[in-house]
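**Q** sequence plus predicted model, see below.
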There are 2 protein chains.
Amino acid sequence: MTTKAQERRQKLRMDLIDTAERTIAAQGLASLTARGLAKEVGCALGAIYNVFPDLDTLVVSVNSRTLTAIDRTMVQSVAPPSGKFEAAQEFMVGLALAYARFAQENTNLWSCLFEAGMQSSEPQPEWHQDEHLRLFERIVEGLRPIAPQAPDDRLWMLARALFSAVHGIVQLGIQERFVAVPESELEEQITIVVRSVTRGIRKEFD
Amino acid sequence: MTTKAQERRQKLRMDLIDTAERTIAAQGLASLTARGLAKEVGCALGAIYNVFPDLDTLVVSVNSRTLTAIDRTMVQSVAPPSGKFEAAQEFMVGLALAYARFAQENTNLWSCLFEAGMQSSEPQPEWHQDEHLRLFERIVEGLRPIAPQAPDDRLWMLARALFSAVHGIVQLGIQERFVAVPESELEEQITIVVRSVTRGIRKEFD
DNA sequence: AAGATATATTGAACACTGTTCACGAAATTG
DNA sequence: CAATTTCGTGAACAGTGTTCAATATATCTT
């Protein structure tokens, strides 16, 4: 039996995550404050800490949603039935471009994934790390037709390398820290790197 | 003529940068506070703001040092005199590994490069952006023997892509956000990606 | 249904942050 | 050496995340 108090607790929990997500998406993680959150959600300041141990934990919940959203957009890049190398290669390019587009269209939520709890040295909770792993699984499955003979652990390593490389291109491209990168060039950079690496992988296992 | 006041000003400026650098290197950017800095350097709290408009500007000065330090370690990877493709390729791998090792040995200073002023939406000052560009120049020069026919702007784009990819691998590998990556695997990931991309570049311009 | 007990909510208070600014000290100038 | 400009100071301001005694609410017992 769920008591009345527990119900309200759950509702408050959802309201907090919803509002935090909206705030981060609209104005970035830095604009998320406990007081602003409480005011917008219509609860007391301390009420937040009845539901979450701290703000970081709340942000992890938002990040969890963002990750499943990324996963959704990636799933929409359907893998081709044919086993042809070129098709598998272009599938990987599609996955990478889907990732890049999500980052461009949801910049604040996306960068929150990598800003949250950066300083606090606390590791992310295990269940959230697992969500990250699911993202890698998509890449591993896309990579498998490219190198069917490759052992699983090797495939995972290559998936990590490929994801990290694409992620780096997106990150430096979007945050324009070094130099402004036009959107079209960003996609070209990604295409070049993904094509090159997949070709390198095939060469290793033929 | 440099007045006595200007001298002290310069000395304080250096002391502040030195101390900030030490603090960041030892405990990370998040542990750098105005009050702690003032106490350690032996000046008043407000004195910091006579020399720097805000703490972010001070951190940019630290980052400037870090960048030249990275440049130094990269210069030590000497380009081979021979024009052979394999040699040029391994030179690029060496550059990337040098970057990775610097990041591993100076993690706090290195990540400060990408954390500073992330939220403040203020763009980095122009002279600091130029320092970043100098890093890319090294890569462009390393890439040139691989694709001598390539036009300059294309070479710059490829340099950005390659740097970003390596940077992404280092970042996700070091901060262990997704999954812990052992050091040896990190170097292997870098080697694979750099070799693949350089090979892809040569293929494009032959 | 009413009283007793446990639980949840609250917002003032705490300890911290970066930044400012009137004031007194020091250095430069006439 | 006096006048003036410049500089160093730290208390004060406005903000942050987090806590906790008191209050209000919900649950349990009779």
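**A** Ah, there it is. Numbering: from 1, shown residues only, chains lettered A, B, ... in the order given.
**Q** residue numbers of chain A in contact with DNA strand C?
**A** Within chain A, the residues that sit near DNA strand C (C-beta under 7 Å from any atom of the strand) are A:5-6, A:8-9, A:12, A:43-47, A:49-50. Placement of C-beta: from N, CA and C, glycine included.
**Q** any idea which of the residues you listed is least confident?
**A** The member of the residues of chain A next to DNA strand C with the lowest model confidence is A:A5, at 67 (criterion: pLDDT).
**Q** same for the one helix or strand A:W127 maps to, what does it pack against?
**A** Assigned by DSSP states H and E, A:W127 belongs to helix A:126-143. Under the contact definition 3 or more C-beta pairs under 8 Å, 6 or more residues apart in numbering or on different chains; DSSP states H and E, helix A:126-143 sits against helix A:55-75, helix A:85-105, helix A:152-175.
**Q** flag the shaky bits of chain A, pLDDT-wise.
**A** Flagging of chain A using pLDDT under 70 yields the residue ranges A:1-5, A:119-121, A:177-179.
**Q** pick out the residue nearest the middle of it.
**A** Chain A has A:L67 as the residue nearest its centroid, 4.3 Å off, counting by C-alpha atoms, centre = their mean.
**Q** circling back to that earlier point, need the max-distance pair from the residues of chain A next to DNA strand C.
**A** Taking C-beta to C-beta as the measure, those reach their widest spread between A:Q6 and A:L45, a distance of 21.5 Å.
**Q** could you find the closest non-adjacent residue to the residue nearest to the centre of chain A?
**A** A:E131 (4.7 Å; C-beta to C-beta, 6 or more residues apart in numbering or on different chains).
**Q** any idea how far the one you found lies from DNA strand C?
**A** Here A:E131 is placed at a distance of 27 Å from DNA strand C (C-beta to the nearest atom of the strand, to the nearest Å).
**Q** wait, that residue sits on A:S64?
**A** Yes. Using C-beta atoms under 8 Å as the test, A:E131 is close enough to A:S64 to be in contact (6.0 Å).
**Q** more neighbours: which of the two?
**A** Between A:E131 and A:S64, counted using other C-beta atoms under 10 Å in any protein chain shown, the more crowded position is A:E131 (20 against 16).
**Q** report the contact partners of that one.
**A** A:E131 is in contact with A:64, A:67-68, counting by C-beta atoms under 8 Å, 6 or more residues apart in numbering or on different chains.
**Q** gap between it and A:F163?
**A** 14 Å (C-beta to C-beta, to the nearest Å).
**Q** go on, A:F91?
**A** A:F91 is 14 Å from A:F163, where distance means C-beta to C-beta.
**Q** next, count neighbours for whatever residue of chain A ends up closest to chain B.
**A** For chain A, the residue positioned closest to chain B under C-beta to the nearest C-beta is A:G168, at a distance of 2.0 Å. Burial of A:G168 is recorded as 25 neighbouring residues (other C-beta under 10 Å).
**Q** how far away is it from DNA strand D?
**A** A:G168 sits 29 Å away from DNA strand D, taking C-beta to the nearest atom of the strand as the criterion.
**Q** same check, this time on A:S196
**A** Taking C-beta to the nearest atom of the strand, one finds A:S196 at 43 Å from DNA strand D.
**Q** next up, the contacts around that residue.
**A** Remark: with contacts taken as C-beta under 8 Å, 6+ apart, A:S196 is in contact with B:196-197, B:199-201.
**Q** which of those fall within helices?
**A** Secondary structure of those is defined by DSSP state H; positions in helices are B:196-197, B:199-201.
**Q** alpha carbons of stretch A:153-169, as PDB, please.
**A** Once non-C-alpha atoms are left out, stretch A:153-169 reads as follows in PDB (Å, rounded to 0.1, in the frame of the first residue of the first chain):
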ATOM      1  CA  ASP A 153      36.300  -7.200 -25.600                       C
ATOM      2  CA  ARG A 154      38.200  -5.900 -28.600                       C
ATOM      3  CA  LEU A 155      34.900  -4.700 -30.100                       C
ATOM      4  CA  TRP A 156      34.100  -2.900 -26.900                       C
ATOM      5  CA  MET A 157      37.400  -1.100 -26.900                       C
ATOM      6  CA  LEU A 158      36.900   0.000 -30.500                       C
ATOM      7  CA  ALA A 159      33.400   1.200 -29.600                       C
ATOM      8  CA  ARG A 160      34.800   3.200 -26.700                       C
ATOM      9  CA  ALA A 161      37.500   4.700 -29.000                       C
ATOM     10  CA  LEU A 162      35.000   5.600 -31.700                       C
ATOM     11  CA  PHE A 163      32.500   7.100 -29.400                       C
ATOM     12  CA  SER A 164      35.100   9.100 -27.500                       C
ATOM     13  CA  ALA A 165      36.500  10.400 -30.800                       C
ATOM     14  CA  VAL A 166      33.100  11.500 -32.100                       C
ATOM     15  CA  HIS A 167      32.300  13.000 -28.700                       C
ATOM     16  CA  GLY A 168      35.500  15.000 -28.700                       C
ATOM     17  CA  ILE A 169      34.700  16.400 -32.100                       C
END
